[in-house]
Structures are given as structure tokens and as C-alpha cells.
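>>> got a predicted model here, sequence first, then my questions.
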Amino acid sequence: MNLDQINDAPDILMEFLEYHSTVRGHSDKTIAGYYLDLKILFRYLKRRRGLVSPGTPFNEIDITDIDIDFIKKIRIEELYRYQSFSPEMQNSSNALSAASRCRRTSSVKSFFNYLCNKRHLLEHNICQELDMPRRPASLPRYLEEAECERLLAACDGPFALRDYCMLMLFMSCGLRVSELVSLNTTDIYDDHLRVTGKGNKERVIYFAEGCRESIDDYLAVRDESGLIDEEKNALFISRDRRRISVRGVQKMVDKKLKLAGLDSSRYSPHKLRHTAATLMLKNGVDTRALQEVLGHSSLNTTQIYTHLDNAALHEAAMANPIGRKTKADIEEWESKK
């Protein structure tokens, strides 16, 4: 997100966004989320307090005059009402999903933490008493081990080795699709990957012999001819001779799911990441090790990654049965159909 193009935010909000962009190194998506959530908060408060002319469209409410004196007058009950407020469905407790209310609350908490702990502009942080909305528990969708085998066996055609390798990395290592498409050949080591995740945080992910085999098979046929110089290190290459895109991976996964006889409307690259996590947990991986493997943080925006030693991370990779499957295993399974 280009902060220079924002012209409707107050100075105190711009300073907060710049801090998270330059100092914390947060992604454009995170910065855009903060900007949207806090812009809605300020407009909501100005309308609620009668500080705008009647009939003014919500999206036209000017917030450039918001300053620290205005923020000091914010009451916690206003923040609770804001959690569920929507310009399209005002005064409806069902206006926003639980996930949206949680994200919105996290943005407000992060903003007040910045004002208190970094700028020291507030003596008391009212968000310390602000509860996060309860999110209904839901089980992530994932593939069973036999379904993973069907999906891998569905790889054919001129890009079979590339597609097989990508699927193995999803289901064995639990990569995000953004992490997979950004992989370079220089990120591959003998028994692990070096991945850059959210917030440009690097982590090491180990893989087992089946995953190593799929990488070696693909690298043996990978052709970088025709690539522009800045993309010659791209691990996965599309048919139009560029680094493969997120959309390209999504289309590939959708196609392979259909070929495997699986419901492509229920699964996605992210569900394959859920699959890796679930299979590791089912096979005895410690949840703290899994958190490190996946690059997960808690729901709190200020959470800290739990770091484990490499032995624990290596054990986590070895525990995933998909990562241990070789081509011979898949061919044997296919011959028994």
C-alpha cells in the first residue's frame, strides 16, 4: 500500500501506519486493514457524537481533524458498539462476521498500544479492558491421507513434476501460497527450506525424503530459458516463462482436485496447508513445534512466535506421512486401484 497516496487520514493515523510499515515491516495487506478499520472508527465516532452535518454520506465524513484530544475522549462502550457497526447495516449486531469483528478490534488495540507505549501520548490504555469478540469454533477442512495420495497421483502432463512438487510442499510443509510462489532455487537446502512469511519473517522448514525426491525430480527438468534476469532464481515457473503467480497455483490445485475426483469447491491451496497441519497433529507433533513450522501467531496482533530448536522442527517434518511418500509409493497405490 502506497502511503503517499492517502490524503484523507489524520496525521496521528498516518504516523501509526508509517510505523507499522517501516519499523515493524508489516505487509501492505495488514497496513490497508489498519487504515480501513481506523478510518471507519473515526467516522463512526464523529457521526455518533453529532459532529457531522445531517445527511452527510458516511464515506464523505472528514476525519483529517482527528487529534489526540479527540482520541482521549473515546470511551470503552463506544469501542464495543463499534465492534459490530457497519455503515451498510447500522445498529445490527449481525452486521459483521466474528472474524471481521476480531480483526477490527485487533486494529484498535494495536493503535492504542502504539499511542501508549511508543508515542506516550496516553496515560491509560482503555483497550487493556477491551475484550476480543468470541469467534465460533470451526474445524478446518483438510484431506485425509488417502485423498492426498489421490491428489498426488492426479499430476500428469508437461508440468507434472512441477505440480507434484508444489502439492508436496503444501501438504508436507504447510506453506502458504504466497510463500510457495516466492520461493527461489537458493532457498532449497539438503533437508530444509528457508521461507519468508508474513511480515518478512524468515523461518526454516524441514522436509522428509518424499518431499526431497519431488524437489530433485522437478529441478532436473526445470528450464529457466526465456526468463527475465530478475526471475531466473524463481523456483516455480509458469507456462508463460515467468515466476508462477498465486492465481496460477490456485488454478493448478483446482484442476488437480477435479482430476482426483475431489470437491474443488471445498478445497484450496490454504486447505492443503490445513491438511499438513492436521496430519502433523494426528501423528503426535507438539503444537508449539507446529506453530513454528506454519509461521503462526496467535489471534492477538502483538503475539510472538514460539521458537524451538531445529531438532523439534525436523521431528515435525518427519512426522507428516505425506512428506515420506516416494513416487514408488504413489505408483504402488495407483496400481492397486
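Yep, that arrived.

>>> strands of the stretch 101-250 of the chain, start to end?
Under the criterion DSSP state E, counting those that start in this stretch, the stretch 101-250 of the chain contains strands at 192-196, 202-206.

>>> next SSE downstream of the longest helix along the chain?
Secondary structure of the chain per DSSP state H: the longest helix is helix 28-48. Downstream of helix 28-48, the next assigned helix or strand under DSSP states H and E is helix 68-72.

>>> got the contact list for that next one?
Identification of contacts with helix 68-72 by C-beta atoms under 8 Å, 6 or more residues apart in numbering yields 12, 45, 115, 121-122. No exception for glycine: its C-beta is placed from N, CA and C like everyone else's.

>>> change it to 10 Å
Helix 68-72 is touched from outside by 10-13, 41-42, 45-46, 49, 51, 63, 111-112, 115, 119, 121-124, 126, with contacts defined as C-beta atoms under 10 Å, 6 or more residues apart in numbering.

>>> what is the mean pLDDT for it?
For helix 68-72, mean pLDDT rounds to 96.

>>> Throw the strands of the stretch 101-250 of the chain into a markdown table and include mean pLDDT, mean neighbour count and distance to residue 324, thanks.
Output for the strands of the stretch 101-250 of the chain, formatted as a markdown table (pLDDT from 0 to 100; neighbours: other C-beta atoms under 10 Å; distance: least, C-beta to C-beta, whole Å):
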| stretch | mean pLDDT | mean neighbour count | distance to residue 324 |
| --- | --- | --- | --- |
| strand 192-196 | 93 | 19 | 15 |
| strand 202-206 | 92 | 19 | 12 |
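
>>> contacting residues for residue 224?
Neighbours of residue 224 in contact, by C-beta under 10 Å, 6+ apart: 185, 231-234, 237, 241.

>>> how far away is it from residue 231?
8 Å (C-beta to C-beta, to the nearest Å).

>>> which residues are in contact with both of the two?
What both residue 224 and residue 231 touch, as defined by C-beta under 10 Å, 6+ apart, is the set 237, 241.

>>> before we move on, back to that, just the buried ones from the contacts of residue 224, in PyMOL syntax?
To isolate the buried ones among the contacts of residue 224 in PyMOL, judged by 16 or more other C-beta atoms under 10 Å, type:
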select buried, resi 234+237
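
>>> wait, doesn't residue 51 sit right on residue 73?
No - applying C-beta atoms under 10 Å, one finds residue 51 not in contact with residue 73, separated by 11.3 Å.

>>> which stretches of the stretch 51-200 of the chain have low pLDDT?
88-95, 135-140 (pLDDT under 70).

>>> now which of the contacts of helix 68-72 would you call buried?
With neighbours counted by 16+ other C-beta under 10 Å, the contacts of helix 68-72 contain buried members at 10, 12-13, 41-42, 45-46, 63, 111-112, 115, 122, 126.

>>> export the residues you listed to JSON lines and tack on distance to residue 178?
As requested, the buried ones among the contacts of helix 68-72 are exported to JSON lines (distance: C-beta to C-beta, whole Å):
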{"residue": "10", "distance to residue 178": "31"}
{"residue": "12", "distance to residue 178": "31"}
{"residue": "13", "distance to residue 178": "27"}
{"residue": "41", "distance to residue 178": "28"}
{"residue": "42", "distance to residue 178": "31"}
{"residue": "45", "distance to residue 178": "34"}
{"residue": "46", "distance to residue 178": "36"}
{"residue": "63", "distance to residue 178": "31"}
{"residue": "111", "distance to residue 178": "26"}
{"residue": "112", "distance to residue 178": "29"}
{"residue": "115", "distance to residue 178": "31"}
{"residue": "122", "distance to residue 178": "35"}
{"residue": "126", "distance to residue 178": "35"}
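
>>> of all these, which comes closest to residue 148?
residue 111 (42.1 Å; C-beta to C-beta).

>>> correct me, but the closest one touches residue 10?
No - at 11.7 Å, residue 111 does not count as touching residue 10 under the criterion of C-beta under 10 Å.

>>> now for these two: what residues contact both?
Counting by C-beta under 10 Å, 6+ apart, the contacts common to residue 111 and residue 10 are 16, 38, 71.
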